[in-house]
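>>> okay, structure incoming, though there's no sequence with it:
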């Protein structure tokens, strides 16, 4: 049985996976095919799951353990909200529409800036301030939360505990049912 990664390792792995998808999308810029739409949907699904898990577990830990954590967490949640609005716009576009690729490029820029801030500032500060066993426990919680999280952007949904933890699993179930019916997210 593999050992549980800590929360930072789990989230950095997510960041690398999304960056790989961004690289694939960048090779397709200007494409109007179904492959571009499918890949964009996959990116949104992964980003929404990741964001929900961070909002449920990472940012409360930052608030609790990191000096100045409230301000840091609020900034990160604000960045999530901006990206979520961009994802919602993207969700309504097709690759052949004039705004699709500029919107995708905006999303990639927003996420890359967010990742850079997390990995260069927030994660090192959390690793220094939080006990290793708690980081490992949070890693398991984040992985579990991603499995139940919504797969579509919901910009008006709560993004702080306790409401986010109460509503996300139900919203996630509805999203997964919609995805199954429409085929969204299938390769």
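Alright, I've got the coordinates. Because the structure is a prediction, the values reported are computed rather than measured.
>>> tally of neighbours for residue 104?
Number of residues near residue 104 (other Cβ atoms under 10 Å) recorded here: 25. In short, each C-beta sits where N, CA and C put it, glycine included.
>>> who's in contact with the lengthiest helix in the chain?
Secondary structure of the chain per DSSP state H: the longest helix is helix 69-91. Applying Cβ atoms under 8 Å, 6 or more residues apart in numbering, the set of residues contacting helix 69-91 from outside is 40, 44, 47-48, 51, 54-55, 59-60, 62-63, 66, 99-100, 103-104, 106-107, 110-111, 113-114, 117-118, 121-122, 125, 152-155, 159-160.
>>> so for that helix, mean pLDDT?
For helix 69-91, mean pLDDT is 92.
>>> next one: stretch 26-37
Here the average pLDDT along stretch 26-37 is 90.
>>> buried ones from the contacts of helix 69-91, can you make that a ChimeraX selection?
Buried subset of the contacts of helix 69-91, written as a ChimeraX selection, criterion 16 or more other Cβ atoms under 10 Å:
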select :40,44,47,48,51,54,55,59,60,62,63,66,100,103,104,106,107,110,111,114,118,122,125,152,153,154,159
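>>> element containing the closest residue to residue 25 other than its chain neighbours, please.
In space, and not counting its chain neighbours, residue 25 is closest to residue 39: 5.7 Å by Cβ to Cβ, 6 or more residues apart in numbering. Under the criterion of DSSP states H and E, residue 39 resides in helix 34-53.
>>> who does the helix or strand just after that helix touch, helix- and strand-wise?
For helix 34-53, the following helix or strand on the C-terminal side (DSSP H and E) is helix 59-65. The contact analysis (3 or more Cβ pairs under 8 Å, 6 or more residues apart in numbering; DSSP states H and E) places helix 59-65 against helix 69-91, helix 123-129.
>>> chain center to helix 59-65: distance?
Here the centre of helix 59-65 is set off from its chain's centre by 18 Å, with Cα atoms, centre = their mean, to the nearest Å.
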